[in-house]
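Peer 1: I would like the atomic coordinates for the input below:
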Amino acid sequence: LSMSMKDCLPHTHGFEEYSPVKDGKKTKWSLRIKSLLRFKTLKIWQAGLAIFIAVLVFTPQGTFGQCGGLIDPQTGFITDPNSVNRTQFGYILIKGDLRPIVATNTFQLVCLGISRISAFFMYPALVFVFLTKLRATLSFLASTPVSMFMSEDMHDLHVYCGAMIFFNSLVHTLFHLLRWGDQGNLNFLVTQAAGLSGVFIILSCLLICIPMMYWKRLQFEIRKYCHYLYYTFAVALCFHAPASAVPNGGFAPYVFGTLLIWTFLDSSYVYLFMTEKIETTVFHVLPTGIQLTMDVSDRFQKSGEQGGYCYVCFPWIDKNQWHAFSLFENPSNPRQRQIFISRCGDWTTAVHESLKRDTNRPIWVQGPFPSPYNNSIEYDNQVLVASGIGITPALSVIRRARQEGARRANLVWIVRDPHMLEFFLEHAYLESNNGWNLIYYTGKQPFVNDTLESITSYNFCVVHGRPDLKNVVPSIIQAIETRQGLPERYIPSKKQEAVIKLADELSRLEMGGTASEQEKVAHLSRCSREMGFLFTDLVSVLDNVSVDELHHDGNLLFDDANSSLTDTDNSDVRYPTTEVCRAYRPDSILEKLPSTACRMTMSRDLMSPHDYAVEGLRKRLPKKKALPLFMPWENHQEAPGYVKQMTEMERATWGILYCGGAKALEAKLAQIAEELDIDFHAESFAW
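Peer 2: Predicted coordinates for the structure are as follows:
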């Protein structure tokens, strides 16, 4: 801006000085604390159950009646007071069942305590690792008041629970083995139900967790199939402790028996009632991906009116493989849903290679299911940050904001694939709305596309380079909150858009060089009528057109000076400036359209319209001084300080949402959101 936005702010309070280093240190500690407090309700349950079993293990028998207490008051250890022989063989009789939980010395007692505490500490995680994957149940609960108490990202909760189970299972197994080894009872691994079931449990756990946590280079389908061992895992848990042991253990048969039945019913419901065949799916093949358009059923539309994700199966590739993708609505037909599949793995590559050209084929679809991006409805103002194919869930949010009119969806899209960018531009997925649309193209090859020439909104810009998100995000917020950079100010009216199209048509005629002045006027008049305007009405708009002071080259990308990429890149290519506000440039063809004086002449002399037109086409409009445009991609140093000075109620109306697979970018956005004290939600396609 030619003058700082700080001078235009409506607030009277001063700005606090923004120090990235000072605030960065505070943010790191704040993020660590927030990470520890994440899933705090679940962690409280974990701690409570750990304390519960510790009390039962280390208190004397009979302390709580029949409910607990394992320590023999005479020996001070865990032994069977009624049978020395059972104690020697490593058993203790509890409620009629023999339990191999004897501890005859301090080492064994400590080992037993650690193994049982670790088991009960992971009990809530064992339950929720199943619940987080009950897709039909979660879809139903998402439409009920229960959703207010549910985790915003079930997959993150699933990952946390999986990690808890993995590490606690290792601890549980290790200390049982140490205790049995000290007793000389390692044969319990094959002779006792607890030991034999434990072998199946730990082996299943290792095969489920290690590929997903540490062996991610392994083919995805192999890792996914290993996950189906959770059935073995759950069945073995049902036999790991006798039901008679409750409350001193023995919950497993009831809990995991119920979860197994629930999981089976939920999966069956999804497979039978939430799966449908799309007979005429349209496949549009691009060099680096595939776009699917499908007519979905009324049930599908009602279940997922906005966004979400679904699972798809292509029978000609593999009848047993189902893969999850984000859904977005076809802007030209709301009854249709679309998916964009980027070629990036074995299965997606196989799909891409099997489709050499645009075609129609039947597919199977499961869903739709809610995603973390559904949290966007909680905010009046949204900053949607996407990387690569992460643009797809943002499209639904932008469409919804455009329909409702009251919300602002501001897009920051970082994309390196020119084919993907070209596709979404050409199909009008990023048409004008009341938010900023900033596209940061990071590809190595220059992006050249004629579609940008048809975009007339000032609030749309393509920048070559990476964004400085610490500046861009607060700059967008500041611009809208102060009303000095409202995006709708830079969206032309329908009449102005018609003028721009008319100017482009005139440019085309003049480049041809064959049409006479009379033919040009006749053609422009006909074009005006087709757009619903009179030629003279469109010309009258020019009286109020502001000419942009900035001079632009007639190219497609804005070379971001702040990112300094052109200085540090190995490429010698320089990308000249363009902004999608080219409609009102001083060198615009519009200057050749008739001036007010010419129109007055025409009104006085209706018998010579062609002479009027020829005269007007050769005149140039007087240049008018324009108001400077707000550009959120520029460096506004005061923006972070302004956002921090906003009231809590004002910040509560804003939400930052990210979708993509770049973990470093997600972490950076989480840090920015923490610094600005604004809510942050992330979706990483990890369903």
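
Peer 1: only C-alpha atoms for contact and neighbour calcs from this point on.
Peer 2: Fine.

Peer 1: pLDDT weak spots in this protein?
Peer 2: Applying pLDDT under 70 to the chain picks out residues 1-31, 34, 64-68, 304-305, 427-433, 448-459, 489-497, 500, 536-630, 684-687.

Peer 1: What segments of the stretch 301-450 of the chain are strands?
Peer 2: Listed from the start of the chain, the stretch 301-450 of the chain has strands (DSSP state E, counting those that start in this stretch) covering 309-313, 323-326, 328-330, 333-342, 359-369, 381-387, 408-415, 437-441.

Peer 1: Show residues contacting the second one.
Peer 2: So the one you mean is strand 323-326. Strand 323-326 is contacted by residues 307-313, 339-341, 392-393, 685, 687 when judged by Cα atoms under 8 Å, 6 or more residues apart in numbering.

Peer 1: what's the closest of these to Glu638?
Peer 2: Comparing the contacts of strand 323-326 against Glu638 with Cα to Cα picks out Pro393 as the nearest, at 31.2 Å.

Peer 1: how about that closest one, what does it touch?
Peer 2: By Cα under 8 Å, 6+ apart, the residues touching Pro393 are 307-308, 326-328, 373, 659.

Peer 1: I'd like the distance between it and Val351.
Peer 2: 22 Å (Cα to Cα, to the nearest Å).

Peer 1: And Glu426, by the same measure?
Peer 2: Relative to Val351, and taking Cα to Cα, Glu426 is found at 23 Å.

Peer 1: more crowded one of those two?
Peer 2: Val351 (19 against 15; other Cα atoms under 10 Å).

Peer 1: Excluding chain neighbours, give the residue nearest to that one in space.
Peer 2: The shortest distance from Val351 to any non-neighbouring residue, by Cα to Cα, 6 or more residues apart in numbering, is to Ile317 (6.8 Å).

Peer 1: give me the number of residues near the one you found?
Peer 2: By the criterion of other Cα under 10 Å, Ile317 has 13 neighbours.

Peer 1: what about it, distance to Asp346?
Peer 2: 11 Å.

Peer 1: what distance separates stretch 377-390 from the centre of its chain?
Peer 2: 8 Å (Cα atoms, centre = their mean, to the nearest Å).

Peer 1: Residues touching that stretch, excluding its own?
Peer 2: By Cα under 8 Å, 6+ apart, stretch 377-390 touches 340, 342, 376, 394, 406-417, 473, 652-662.

Peer 1: Span of it from start to end?
Peer 2: Stretch 377-390: ends 18 Å apart by Cα to Cα.

Peer 1: Would you mind listing the buried residues in that stretch?
Peer 2: For stretch 377-390, burial by neighbour count (16 or more other Cα atoms under 10 Å) applies to 379, 381-390.

Peer 1: Between the residues you listed, which sits nearest Thr87?
Peer 2: Closest approach to Thr87 among those (Cα to Cα): Gly390, at 61.1 Å.

Peer 1: What is the distance between stretch 162-174 and the centre of its chain?
Peer 2: Put simply, stretch 162-174 sits 30 Å off its chain's centre (Cα atoms, centre = their mean).

Peer 1: now stretch 191-201
Peer 2: Chain-centre distance of stretch 191-201: 42 Å, with Cα atoms, centre = their mean.

Peer 1: And for stretch 378-395?
Peer 2: 7 Å.

Peer 1: do the same with stretch 303-312
Peer 2: Taking mean C-alpha positions (Cα atoms, centre = their mean), stretch 303-312 and its chain are 14 Å apart.

Peer 1: gap between the two ends of that stretch?
Peer 2: 17 Å.

Peer 1: Identify the residues contacting that stretch?
Peer 2: 322-329, 363-371, 373-374, 393, 396-397, 400.

Peer 1: roughly how far apart are Leu36 and Ile44?
Peer 2: For Leu36, the distance to Ile44 equals 12 Å [Cα to Cα].

Peer 1: re earlier: now the contacts of strand 323-326 as a markdown table including distance to Leu206?
Peer 2: Below are the contacts of strand 323-326 laid out as a markdown table (distance: Cα to Cα, whole Å):
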| residue | distance to Leu206 |
| --- | --- |
| Gly307 | 35 |
| Gly308 | 32 |
| Tyr309 | 29 |
| Cys310 | 29 |
| Tyr311 | 27 |
| Val312 | 29 |
| Cys313 | 28 |
| Ile339 | 34 |
| Phe340 | 34 |
| Ile341 | 32 |
| Thr392 | 35 |
| Pro393 | 34 |
| Phe685 | 24 |
| Trp687 | 21 |
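
Peer 1: Need the max-distance pair from these.
Peer 2: The span of the contacts of strand 323-326, defined through Cα to Cα, is set by Cys313 and Pro393 at 20.1 Å.

Peer 1: Wait, a helix at Gly198?
Peer 2: Yes. According to DSSP: H, G, I helix; E, B strand; the rest coil, Gly198 belongs to a helix.

Peer 1: shouldn't it be in contact with Ala236?
Peer 2: Yes. Counting by Cα atoms under 8 Å, Gly198 does reach Ala236; the two are 7.3 Å apart.

Peer 1: quick one: the residue nearest to Val351 and Tyr225, what's the gap?
Peer 2: Taking Cα to Cα as the measure, Ile317 falls 17 Å from Tyr225.

Peer 1: can you put the strands of the stretch 301-450 of the chain in CSV and add distance to Gly90?
Peer 2: Formatted as CSV, those follow (distance: least, Cα to Cα, whole Å):
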stretch, distance to Gly90
strand 309-313, 51
strand 323-326, 49
strand 328-330, 61
strand 333-342, 58
strand 359-369, 50
strand 381-387, 58
strand 408-415, 63
strand 437-441, 67
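
Peer 1: Could you work out which of these reaches nearest to Ala673?
Peer 2: Closest to Ala673 of the strands of the stretch 301-450 of the chain, according to Cα to Cα: strand 381-387, at 10.7 Å.

Peer 1: Sheet partners, orientation included, of that closest one?
Peer 2: According to DSSP bridges, strand 381-387 forms sheet pairs with strand 408-415 (parallel), strand 654-659 (parallel).
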